[in-house]
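Visitor: Sequence unavailable; structure follows:
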């Protein structure tokens, strides 16, 4: 943990430490932020993307299974109906 004051006074040293280990920044003894290395940020961002992809694929599979008894024609008609009515409600 590092205080805002310590961060301001020793930014080089604090950033060097944050490159190795995440640091919680305290303001008035209350956690305010976290400083992490760029590698950790990239890892977390990639993990988030992968999680979202998995959720989207799971939802697509669910919808596919749930709607498999509808024909392509019925689905296209429903899509056109939705497009028509969505644009007229604006």
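Guide: Ah, there it is. Note that this is a predicted model, so its numbers are computed, not measured.
Visitor: domains for the chain, by residue range?
Guide: For the chain, automatic domain parsing gives the domain ranges 2-36, 40-88.
Visitor: chain center to the first one: distance?
Guide: Domain 2-36 has its average C-alpha position 24 Å from the chain's average C-alpha position, going by Cα atoms, centre = their mean, to the nearest Å.
Visitor: give the contact list for residue 27.
Guide: By Cβ atoms under 8 Å, 6 or more residues apart in numbering, residue 27 lies in contact with 3, 4. C-beta coordinates here come from the backbone N, C-alpha and C atoms, glycine included.
Visitor: one step back: mind putting the domains of the chain into TSV with mean pLDDT?
Guide: Output for the domains of the chain, formatted as TSV (pLDDT from 0 to 100):
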stretch	mean pLDDT
domain 2-36	94
domain 40-88	93
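Visitor: Tell me which of these sits most buried.
Guide: Neighbour counts (mean count of other Cβ atoms under 10 Å) averaged over each of the domains of the chain peak at domain 2-36, with a mean of 13.
Visitor: Now do the end-to-end distance for that domain.
Guide: Here the two ends of domain 2-36 are set 13 Å apart, with distance taken as Cα to Cα, to the nearest Å.
Visitor: Excluding chain neighbours, give the residue nearest to residue 6 in space.
Guide: Taking Cβ to Cβ, 6 or more residues apart in numbering, and ignoring the residues beside it in sequence, residue 6 has residue 14 as its nearest neighbour in space, at 6.7 Å.
Visitor: is it true that that neighbour lies in a helix?
Guide: Yes - residue state for residue 14 (DSSP: H, G, I helix; E, B strand; the rest coil) corresponds to a helix.
Visitor: I'd like to know how far it sits from residue 44.
Guide: According to Cβ to Cβ, to the nearest Å, residue 14 and residue 44 sit 20 Å apart.
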